[in-house]
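Visitor: Have a look at this prediction, sequence included:
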Amino acid sequence: DRIIRLHADDSGFYISNNGPEILQQDKEKIFELGFTRKMNGRGMGLHISREVLKAENFNIYVDSPRENSTVTFKIEEIKSKENE
């Protein structure tokens, strides 16, 4: 069974699942247009997600897996130097 969990705290939002682990060398590559390890995958989803979030001043990246999950993505606001 596929499980997706949503979490949030003061620093951002988390999306976790029990899918296949992401290899260390792929943690940035998965956001590149066309990169995929799925059979018949197109490698567009995470790239588009990152671009849309960036346009709204947010970033998405692979975070440490949360409890009972193998993969966790974190979405957080991009802080400007003036607002830090």
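Guide: Alright, I've got the coordinates. In this text the structure is predicted, and so the values were computed from the model without any measurement.

Visitor: Now stretch 53-62: buried residues?
Guide: 53, 58, 60, 62 (16 or more other CB atoms under 10 Å). Backbone N, C-alpha and C define where each C-beta goes, glycine included.

Visitor: go on, stretch 68-80?
Guide: Neighbour-count burial for stretch 68-80 [16+ other CB under 10 Å]: 69, 71-76.

Visitor: Let me have those in a markdown table, adding pLDDT as columns.
Guide: Putting those into a markdown table (pLDDT from 0 to 100) gives the following:
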| residue | pLDDT |
| --- | --- |
| S69 | 96 |
| V71 | 97 |
| T72 | 98 |
| F73 | 98 |
| K74 | 98 |
| I75 | 98 |
| E76 | 98 |
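
Visitor: ok so, going back, now go through the buried residues of stretch 53-62 and say which are in strands.
Guide: Using DSSP state E, the subset of the buried residues of stretch 53-62 located in strands is 58, 60, 62.

Visitor: Quick one: residues contacting the nearest residue to E21 once chain neighbours are set aside.
Guide: Leaving aside its sequence neighbours, E21 sits nearest to T70 (CB to CB, 6 or more residues apart in numbering; 5.0 Å). By CB atoms under 8 Å, 6 or more residues apart in numbering, T70 lies in contact with 17-21.

Visitor: Ok, I60 next?
Guide: Here I60 is in contact with 31, 46, 49-50, 53, 73-75 (CB under 8 Å, 6+ apart).

Visitor: All set, thanks.
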